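>>> give me the fold of what follows.
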Amino acid sequence: MRKFNIIDGSKRAAQPCAVLTYDEACDLFRIDISRDIDLEEMPFEFSLMVENGSYSMEDKQSRRWVESRVIPSSRQNLGQVLKAHDMDFYDPFQLLVDHEGRCVQDNFYIREITESADSAECGAGDIVDSCHSVNIGAMLRRARKNAGISQQELAKRAGVQQSLISRLENNKFNPTVNLLADVAAALNKKLKIDIV
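All right, here's what the predicted structure looks like:
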C-alpha cells in the first residue's frame with residue numbers, strides 16, 4: 001500500500017485535504033477526504049462527495065480522479081512520453097507519481113506519506129530496503145538519474161537486461177537482496193537493509 005497526501009499547491013503551508021491510497025497488489029485506489037477542511041479548500045469532486053455526506057471514494061470514483069491527472073493511453077505521442085519517463089509500457093500510476101499528481105485543471109498535487117524512520121535511516125549514499133513503506137523503484141530511478149546514466153547503461157554495469165531495470169523502477173518486479181546489491185554496486189552505492 002502506498003499513501004499520498006492531496007494538497008492544494010496554491011496555498012502556503014496548506015493542510016492535506018485528503019489521502020490517496022493505492023494498493024499495488026490489487027490495483028485499487030481509495031481516497032479518504034479530511035473532515036477538518038472547508039469545502040472551498042478541496043477539489044470540486046471531493047466537495048460534492050462531502051455535501052452528500054460521504055468522506056470516502058472507492059476505486060471507481062478515485063480512479064476517475066487519478067485518470068484525470070495523467071496522460072491518457074490514447075495520446076498520439078504516447079511513445080515519446082514513455083521514453084521521457086524511461087518507461088517500457090503505459091503505467092498511469094507511475095505517471096501520476098512522476099508528475100506528483102499535478103495537472104492543469106487545478107493546483108492540487110500529491111506527496112507520498114513516508115514513515116519518518118525510513119527517511120531518518122536513509123543516508124545520501126544508501127539505497128534502502130525496508131520492510132515497510134519504501135518505494136524501491138522511485139529510489140532506484142532517483143539514484144540512477146542522479147548518477148546521470150540511462151537504464152541501458154545501468155543494466156550493462158549490473159549485468160542484467162534493461163527491461164529488468166525498467167521493471168524494478170516501475171515496481172513491477174520483486175527483487176532479491178542480491179540483485180539489489182548488484183544494482184546498488186553498479187551505482188557506486190551501498191545497500192542498507194533495516195529489519196523492523
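>>> what residues are up against V81?
I71, R75, L95 (C-beta atoms under 8 Å, 6 or more residues apart in numbering). Where you see a C-beta, it was placed from the backbone N, CA and C, and this is true even at glycine.
>>> so who does the nearest residue to S166 once chain neighbours are set aside touch?
Spatially, and ignoring its direct neighbours in sequence, S166 is nearest to D88 (4.6 Å; C-beta to C-beta, 6 or more residues apart in numbering). D88 makes contact with L82, S163, S166, R167, N170 under the criterion C-beta under 8 Å, 6+ apart.
>>> hey, where'd the helices end up in the chain?
Counting by DSSP state H, the chain has helices at residues 44-51, 59-67, 78-84, 92-98, 116-121, 136-147, 151-158, 162-169, 177-186.
>>> contacts for the last one?
Going back to what we said before, that points to helix 177-186. Counting by C-beta under 8 Å, 6+ apart, 127, 129, 136, 140, 143, 154, 157-160, 165, 168, 175, 190-191, 193 sit against helix 177-186.
>>> point out the least confident one among those.
The member of the contacts of helix 177-186 with the lowest pLDDT is D129, at 36.
>>> export stretch 42-53 as PDB, just CAs?
Written as PDB, here are the backbone C-alpha positions of stretch 42-53 (Å, rounded to 0.1, in the frame of the first residue of the first chain):
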ATOM      1  CA  MET A  42     -10.600  20.700  -1.700                       C
ATOM      2  CA  PRO A  43     -11.100  19.600  -5.300                       C
ATOM      3  CA  PHE A  44     -14.600  20.100  -6.600                       C
ATOM      4  CA  GLU A  45     -15.300  16.400  -6.900                       C
ATOM      5  CA  PHE A  46     -14.400  15.900  -3.300                       C
ATOM      6  CA  SER A  47     -16.700  18.700  -2.100                       C
ATOM      7  CA  LEU A  48     -19.600  17.100  -4.000                       C
ATOM      8  CA  MET A  49     -19.000  13.900  -2.100                       C
ATOM      9  CA  VAL A  50     -18.800  15.700   1.300                       C
ATOM     10  CA  GLU A  51     -22.000  17.600   0.500                       C
ATOM     11  CA  ASN A  52     -23.700  14.200   0.100                       C
ATOM     12  CA  GLY A  53     -22.300  13.100   3.400                       C
END
